[in-house]
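> need a 3D model of the sequence below.
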Amino acid sequence: MQKVVQGWKRAASHTACTHSFAARQWSSGMDDSAVLAPCASRKFIQPAPIATAVALPKAAQAAVETAWTKVVASLPACRRASELYGGRGFGLAREAASRASAELYVISAGLGLVHSERAIPSYGVTVSDRGDQAIARRVVGRFDPASWWAAVSRGAHSESLASVAHRHRGLLLMALTTPYAAMIGSELAALPAEAQSRMRLFGHGLAAVLPEPLAGSVMPYDARLDAAVPGTRTDFAQRALRHFCQHVPLDGSLDAEGSAQEVGKLLASYQAPTAPVRPRRSDEEMVSLIAGHLHHTTGIGRILRLVRDSDGLACEQARFSRLYGLAAAQRTQA
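Below is the predicted model:
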């Protein structure tokens, strides 16, 4: 805990001057595009235990929201958002923003909508319903993701979607998973029609969770993307976003329907790969298998690929990350 706090202080000192410059940059007003993408569970500075979902009380959602708001207010900033998050998905979002010459914003389940150049604290919260960091597991009764988003959006690190849409007059390019779409969908639907016309939304299964008026903004990426840009379901939205930024005009010459037609043309030459049928193993069996691979190599992504391709086994990425941590801890204790 002491090392974590010391790391925060050093990083906060390092980012103080850059944050001041970045604040002037993103508040200046520009006729450019914006890329919005979900945060990542992988962070280069691990959060202190108090800054995670498991430290919150199990209570009605309003009480959990209040408790989390107080926690966030007490946390020191440690790094710029662009330097805090890891993982392939977030890397793809950064690449997409670079290709589009766009500013990057992070849709954070813990902090709200955060500019990538803002210095923020490390934390462990997600609106996904899986894993220890799932905020829904702390809520007694039904979890309302839109209410949670409204609560975290009032924090000091966040700005509103409306302000971002007003500042950036180009395209609003958003990679979304279904939990994050459910979280911010109502606020997106409340934006002016002019802003909605500039939205291009990317993700799998978004139509099931987004308000109906936003359906025309969803770009028609499907399983054929896996042939064009291989990856996992976890990074589908970010792969689609980067593919779009690389191949579709971003100068405003196409409306949403025209952009969707371009995507259709780009995917027409691809065929969706046949998904392999892989057997599953118990947690104990998987931990033992991972431990065996750790004798020869390390890295979650590398060993997951070995498990899937060489061992021919199925394991969802979030589950694998948890089991990898158990195997690594056992190896350290041995």
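> okay, now the unreliable bits of the stretch 1-150 of the chain?
For the stretch 1-150 of the chain, the stretches with pLDDT under 70 are 1-31.
> the stretch 151-300 of the chain now?
275.
> all helices for it, in order.
In the stretch 151-300 of the chain, the helices defined using DSSP state H, counting those that start in this stretch lie at 161-167, 178-189, 193-197, 225-228, 236-247, 256-267, 283-294, 300-305.
> figure out which of these is closest to Leu84.
Closest approach to Leu84 among the helices of the stretch 151-300 of the chain is made by helix 236-247 (16.6 Å; C-beta to C-beta). Heads up, the C-betas are built off the backbone N, CA and C, glycines and all.
> same for the closest one, what does it pack against?
Applying 3 or more C-beta pairs under 8 Å, 6 or more residues apart in numbering; DSSP states H and E, we find helix 236-247 packed against strand 34-38, helix 88-99, strand 172-175, strand 199-202, helix 225-228, helix 256-267.
> ok, Gly91 - how many residues close by?
Residue crowding around Gly91 was assessed by other C-beta atoms under 10 Å; the count is 15.
> how close does it get to Pro49?
Relative to Pro49, Gly91 is positioned 27 Å away (C-beta to C-beta, to the nearest Å).
> mind checking which of the helices of the stretch 151-300 of the chain is nearest Gly110?
Within the helices of the stretch 151-300 of the chain, the stretch nearest Gly110 is helix 178-189; the backing value is 11.6 Å (C-beta to C-beta).
> what residues of that closest one count as buried?
178-185, 187-188 (16 or more other C-beta atoms under 10 Å).
> over to stretch 226-242?
Those would be 226, 229, 231, 234-242, for stretch 226-242 by 16+ other C-beta under 10 Å.
> and those as JSON lines, adding distance to Ala328?
Output for those, formatted as JSON lines (distance: C-beta to C-beta, whole Å):
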{"residue": "Asp226", "distance to Ala328": "29"}
{"residue": "Val229", "distance to Ala328": "30"}
{"residue": "Gly231", "distance to Ala328": "24"}
{"residue": "Thr234", "distance to Ala328": "20"}
{"residue": "Asp235", "distance to Ala328": "22"}
{"residue": "Phe236", "distance to Ala328": "27"}
{"residue": "Ala237", "distance to Ala328": "28"}
{"residue": "Gln238", "distance to Ala328": "26"}
{"residue": "Arg239", "distance to Ala328": "28"}
{"residue": "Ala240", "distance to Ala328": "32"}
{"residue": "Leu241", "distance to Ala328": "31"}
{"residue": "Arg242", "distance to Ala328": "30"}
